[in-house]
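Enquirer: Provide a 3D model corresponding to the input given below.
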Amino acid sequence: MVDSFAPKVFDGYAKHLHTRRARHSDPRHHFLHREVAERLADRLLDLEQRFETIAVLGWWPGSVREFLPPRLQQALDDGQLQLVDLSFDYGTAEADSEFLPLRPASFDLILSNMALHWVNDLPGMLAQIHTALRPDGVFLGSALGGETLHELRAAFVEAETRISGGFSPRVSPVMDLRDAAGLLQRAGFSLPVADIDRVMVSYQNPMSLLEDLRGMGQSNAVVGRSPRLTARRVLFGALEHYITVFGDDSGAVPATFDCLFLSGWAPHASQQKPLRPGSAEFSLAEALAAEEQPLKS
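Expert: Numbers count the residues shown, from 1 in each chain. Reported below is the predicted structural model:
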């Protein structure tokens, strides 16, 4: 096993327990995983290349097969496509949850849904995915990022600071869109692309949001979290602040989920490449001079 020197931000064992619990929770809690999985699968429709082997990581509510485009479902039925399903928990313990049991250069497509934001060594994980792809293989992944749950974060910081004089981390740090494409490039992917979809959810009250987060396996797993249960004064203070600052007249509150989508290719000679510096047929100065010439009447 290769050791990772990345800082340990998340408690892998706690995250594993959260995922196991969520796996058996009410399916209504899994709406976000389904929504993001469907949006990720939509991006497959833009890919016309033929796939023979696919590896699936992360959390796909229900059968992974139902999210695949019809042509890939047909390929599965015809035995022309091999699907390696490692969804939910490919690691069964804290020690191996950061490492993929995938052979190098073995897959044409790797999909990962709603898992990358819990990885301690994200550059290392992306590098492993890159290694497992065949030349010109494709990676498509989704993760929470951006301003996800900024309302909940602000409410707890304000309440705990006011009541206890300090605060402990209660909402996980997430990836920024500006960093996502750079991480793909750092891992060796060609043509890296990252974009973001914002999903706004309205809750009757903040407690409903907390129940959903628990049910979908997105509870706090930050290493520096307090080992004690949240004090009632802090909890009720945070809920009150949430409603006061973000709620509408009925007390309903919004929750922001920013969903990042990442894509990249394993390098191949057939892929487009940027021009070499100095190889352009026209200089920028010539182009600007042409634009500045007055029009003849």
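Enquirer: Grab the most central residue of the protein for me.
Expert: Nearest to the geometric centre of the chain sits Ala143, at 0.9 Å (C-alpha atoms, centre = their mean).
Enquirer: Hmm, Phe257 and that residue touching each other?
Expert: No: applying C-beta atoms under 8 Å, one finds Ala143 not in contact with Phe257, separated by 11.0 Å. (C-beta placed from N, C-alpha, C; glycine too.)
Enquirer: Overlap of the contact sets of these two?
Expert: Shared contacts of Ala143 and Phe257, defined by C-beta atoms under 8 Å, 6 or more residues apart in numbering, are absent.
Enquirer: quick revisit: pLDDT score for the residue nearest to the centre of the chain?
Expert: pLDDT, Ala143: 95.
Enquirer: Got the phi and psi for Arg50?
Expert: phi -90, psi 130 (degrees, to the nearest 10).
Enquirer: could you pull out the strands for this protein?
Expert: Shown for the chain, the strands assigned by DSSP state E span residues 53-58, 82-85, 107-113, 133-145, 190-203, 253-265.
Enquirer: Tell me which of these sits nearest to Leu177.
Expert: Smallest distance to Leu177 across the strands of the chain (C-beta to C-beta): 5.0 Å, for strand 190-203.
Enquirer: and that closest one, average pLDDT?
Expert: 95.
Enquirer: do the same with stretch 71-86
Expert: Average pLDDT, stretch 71-86: 93.
Enquirer: just stretch 50-66 next, same as before
Expert: Averaging pLDDT along stretch 50-66 yields 90.
Enquirer: now stretch 222-232, how far from the chain's geometric center?
Expert: Computed by C-alpha atoms, centre = their mean, to the nearest Å, the chain-centroid distance of stretch 222-232 equals 25 Å.
Enquirer: Now do that stretch: distance from first to last residue.
Expert: End-to-end distance of stretch 222-232 (C-alpha to C-alpha, to the nearest Å): 21 Å.
Enquirer: Flag the shaky bits of the protein, pLDDT-wise.
Expert: Within the chain, the stretches with pLDDT under 70 are 1-6, 88-97, 168-170, 226-227, 229, 272-297.
Enquirer: Okay, helices next: where are they in it?
Expert: Taking DSSP state H as the test, the helices found in the chain are 12-23, 31-42, 70-77, 122-132, 150-164, 177-186, 206-215, 232-246, 284-292.
Enquirer: any chance of those helices in a markdown table, plus distance to Ser63 and mean neighbour count?
Expert: Putting the helices of the chain into a markdown table (distance: least, C-beta to C-beta, whole Å; neighbours: other C-beta atoms under 10 Å) gives the following:
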| stretch | distance to Ser63 | mean neighbour count |
| --- | --- | --- |
| helix 12-23 | 14 | 18 |
| helix 31-42 | 11 | 19 |
| helix 70-77 | 10 | 14 |
| helix 122-132 | 22 | 20 |
| helix 150-164 | 31 | 19 |
| helix 177-186 | 28 | 17 |
| helix 206-215 | 20 | 18 |
| helix 232-246 | 36 | 17 |
| helix 284-292 | 53 | 9 |
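Enquirer: Among those, which comes closest to Gln49?
Expert: Nearest to Gln49, of all the helices of the chain, is helix 70-77, at 11.2 Å by C-beta to C-beta.
Enquirer: how far off helix 31-42 does the closest one point, in degrees?
Expert: Counting by axes from the mean of the first three to the mean of the last three C-alpha atoms, to 10 degrees, helix 70-77 lies at 90 degrees to helix 31-42.
Enquirer: quick check: angle from helix 70-77 to strand 53-58?
Expert: Angle between the axes of helix 70-77 and strand 53-58 is 110 degrees (criterion: the same axes, to 10 degrees).
Enquirer: Okay then, goodbye and thanks.
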